[in-house]
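Quick one: sequence and predicted model below, then my questions.
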There are 2 protein chains.
Amino acid sequence: MHTLHVELGERSYPIYIGRDLLTDSELLCQHLPGSQLVIVSNETIAPLYLDRLRAALGPRELVTEVILADGEQYKTMATLNEILDRVMSDRHNRSTTLLALGGGVVGDITGFAAACYQRGVNYVQVPTTLLSQVDSSVGGKTAVNHPQGKNMIGAFHQPRAVFIDINTLQSLPAREFAAGLAEVIKYGLICDAPFYRWLQAHMPKLLAREEAALAEAIERSCACKAEVVAADEREGGLRAILNLGHTFGHAIETAQGYGSWLHGEAVATGMLLAMEMSARRGWIAREEVADFRQLLQTVQLPVAPPADMTADQFLDLMGRDKKVLDGTLRLILLRDIGEAAIVADASEAELTTLLEDALQTA
Amino acid sequence: MHTLHVELGERSYPIYIGRDLLTDSELLCQHLPGSQLVIVSNETIAPLYLDRLRAALGPRELVTEVILADGEQYKTMATLNEILDRVMSDRHNRSTTLLALGGGVVGDITGFAAACYQRGVNYVQVPTTLLSQVDSSVGGKTAVNHPQGKNMIGAFHQPRAVFIDINTLQSLPAREFAAGLAEVIKYGLICDAPFYRWLQAHMPKLLAREEAALAEAIERSCACKAEVVAADEREGGLRAILNLGHTFGHAIETAQGYGSWLHGEAVATGMLLAMEMSARRGWIAREEVADFRQLLQTVQLPVAPPADMTADQFLDLMGRDKKVLDGTLRLILLRDIGEAAIVADASEAELTTLLEDALQTA
């Protein structure tokens, strides 16, 4: 088992990465000392892992289980209310802990419920998808979607601990696994060039879900994210680099309706757009863009935006993105592999040409 | 004009108390430098003050006005969604500021909307009721109600500034003014005995809404609250004393349905119950309880719980209160006038007798 620490002063917390953490009673109970517990999961994950986790957590005075429908389309205020209604009617008090067992949707919504319930109670994460393990379980961003924009309603609320059980990846559908790899690759691109080269070399082992390779990829991803988050907890500046590909990606997700494209798929295509834009500015070599496209294809991630979208639609949706400050669109590009840059000087013409060219390949 | 500072490190903010602050363009604009603004008010307050405030704020790139229905029964997730929908569809970005113009309901819900929108944007308060001026505008507690409990869903989110225009109190209905005085009196009881004696002496001037007396009462109340909040921002301990009378009061509000009893009325009756309980424990003199009851009657505040409630119903609702930690009911009592105590040893028998006796007078 490996342990990472996210350093955030009094809100610091550990991330454990290893095998069979889901049933590691001692480790779990060490971070869940209270007598009240709310386990939030979904109808796909609960049948696979809930019983084992429950057994490992031992007897408690009050345990509420909330099993949500599965999918990004349920990451809504309505589902948040469903959780809060259950927590309220079972009369959990301020010392309760919420536990998220599932992917990013379960984690984000459970974290937000914990942030809001009685103005903030503890929560821990047991992420079961690659995406949530390397992304949403680190950094304390919690949210639900709004019909007009992704993650628009939420809070910064740090978990008390994150337990990444790599065994859970064996049951992950191939498409979701690939979507998670998109975020793994992102960390290499924005802050760790040697890791990116390692990923290019080890992708077959990762796709075969070899444990050692998975543990290495997850640990390096979480370490990268933890470092960025520790430097900028509330996204004043640096943290924005974690959004490489996300402004384009959110536009795709919003246009297609949540749940149609997976988040990681949209981000993959968004990263390719950001790399293409970086190359057109002369910051990275054309060859890197081609290699990256090849890497995405190896992972079976999409390399073109949805054919039914237009450049105008992209620009419209991107204008609504959270990264817009005082009317200026901020984008994350690459100065080099492993070196992200936040740019605020993208013109409408530059973006329109970029998007129209990309849409022609769709 | 008087200025108080709530000392919370990087979240510190000023409270301005004085005449005509609502139209003090220079002061307002100094704290609202951005180009985007969301003004939240209600249908009672907006017709009285919104135009003048708008004029004082000067031209802005984007101003959204959200006018809510008036009343505690609208302090709900549904109303929160109504605000967020407007802010989203008008495409406010992260640098927008929400401004709450109204009483505690408008302030609490606007603050919570600001806490949630894009995981936190700035907000300022222009409280127009005595209650919101001395209570909900100080301390960063934001919330909406849940059908099963008051203020159960919310966040700690500090405003950037609070503008208390005492002229707005001239238009306040007598019943709401009296309810606000209940919280003013509370501050004397929990942390400032000389202020409590001053209130006993100056109540006729306050009831006549004399400006000098109002400014003095508001400033001392806010100073007391600011001091307590600065010492304990997230209610780890001391801050709980601000809840004198509130555990009993919340039970009344929940049982009667929000909006039936005003918050201050429920708190007044709750404080009388807490004083009676303190007297029975021999902590304060019987005479003080009688004097306090007299003071409430002078202000025309209720001195008995609703006749249709039972002791059992009280205990049931109090068990759901946020101040319950690990199954123990915590109550705020008085060791002396000006000296609050947090007690965790109240027995069911003690409470039942207290409540049954009080209900007999109802």
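Received, thanks.

pLDDT weak spots in chain A?
Residues of chain A that meet the criterion pLDDT under 70 lie in A:235-236, A:258-259, A:320-327.

What residues does it have near chain B?
For chain A, the residues found near chain B under the criterion Cβ under 8 Å from any Cβ of the partner chain are A:34-35, A:61, A:77, A:81, A:84-85, A:88-89, A:91, A:93-95, A:115-120, A:141-143, A:146, A:148-149, A:152-156, A:234, A:319-320, A:322, A:324-327. In this view, the C-beta of every residue, glycine as well, is placed from N, C-alpha and C.

And the helices in the stretch 101-250 of chain A?
Assigned by DSSP state H, counting those that start in this stretch, the stretch 101-250 of chain A shows helices spanning A:104-116, A:130-131, A:174-191, A:193-207, A:211-231, A:246-256.

Not counting its neighbours along the chain, what's nearest the residue lying farthest from the centre of chain A?
In chain A, the residue that sits farthest from the middle, by Cα atoms, centre = their mean, is residue A:61; the gap is 32.6 Å. On the basis of Cβ to Cβ, 6 or more residues apart in numbering or on different chains, the spatially nearest residue to residue A:61 that is not a chain neighbour turns out to be residue A:35, at 3.8 Å.

what number of residues lie near that neighbour?
For residue A:35, the tally of surrounding residues (other Cβ atoms under 10 Å in any protein chain shown) stands at 16.

Now do the contacts for it.
In this structure, residue A:35 makes contact with A:60, A:61, A:62, A:95, B:326, judged by Cβ atoms under 8 Å, 6 or more residues apart in numbering or on different chains.

quick one, which of the helices of the stretch 101-250 of chain A is nearest to residue B:245?
Using Cβ to Cβ as the measure, helix A:104-116 is the one of those that comes nearest residue B:245, at 25.3 Å.

Quick one: list the elements packing against the closest one.
The criterion is 3 or more Cβ pairs under 8 Å, 6 or more residues apart in numbering or on different chains; DSSP states H and E, and the helices and strands that helix A:104-116 contacts are strand A:36-42, strand A:62-68, helix A:77-89, strand A:97-102, strand A:122-127, strand A:141-146, strand A:149-156, strand B:149-156.

Looking at these, spot the one closest to residue A:1.
Nearest to residue A:1 among the helices and strands packed on helix A:104-116 is strand A:122-127 (14.3 Å), distances taken as Cβ to Cβ.

sorry, back to before: list only those of the residues of chain A next to chain B flagged as buried.
The neighbour-count test (16 or more other Cβ atoms under 10 Å in any protein chain shown) applied to the residues of chain A next to chain B identifies A:34-35, A:77, A:81, A:84, A:88, A:91, A:93-95, A:115-120, A:141-143, A:146, A:149, A:152-156, A:320, A:322, A:324 as buried.

ok, for residue A:200, nearest residue in space, not its chain neighbours?
By the measure of Cβ to Cβ, 6+ apart, the closest residue to residue A:200 outside its immediate chain neighbours is residue A:295, 6.1 Å from it.

Quick check: what element follows the one helix or strand the one you found maps to along the chain?
For residue A:295, the host element (DSSP states H and E) is helix A:286-299. Heading C-terminal from helix A:286-299, the first helix or strand you meet, by DSSP H and E, is helix A:311-318.

Pull out the buried residues from that following helix.
Residues of helix A:311-318 classed as buried by neighbour count (16+ other Cβ under 10 Å): A:311, A:313, A:314, A:317, A:318.

Of those, just say which sits nearest to residue A:100.
residue A:317 (28.3 Å).

count of neighbours near the residue nearest to that closest one when sequence neighbours are not counted?
Computed as Cβ to Cβ, 6+ apart, the closest residue to residue A:317 that is not its neighbour in sequence is residue A:251, at 3.8 Å. Residue A:251 is flanked by 26 other residues according to other Cβ under 10 Å.

And residue A:101, by the same measure?
28.

how near is it to residue A:125?
Summarising the geometry, the distance separating residue A:101 from residue A:125, computed by Cβ to Cβ, to the nearest Å, is 9 Å.

joint contacts of the two?
The contact sets of residue A:101 and residue A:125 do not overlap (Cβ under 8 Å, 6+ apart).
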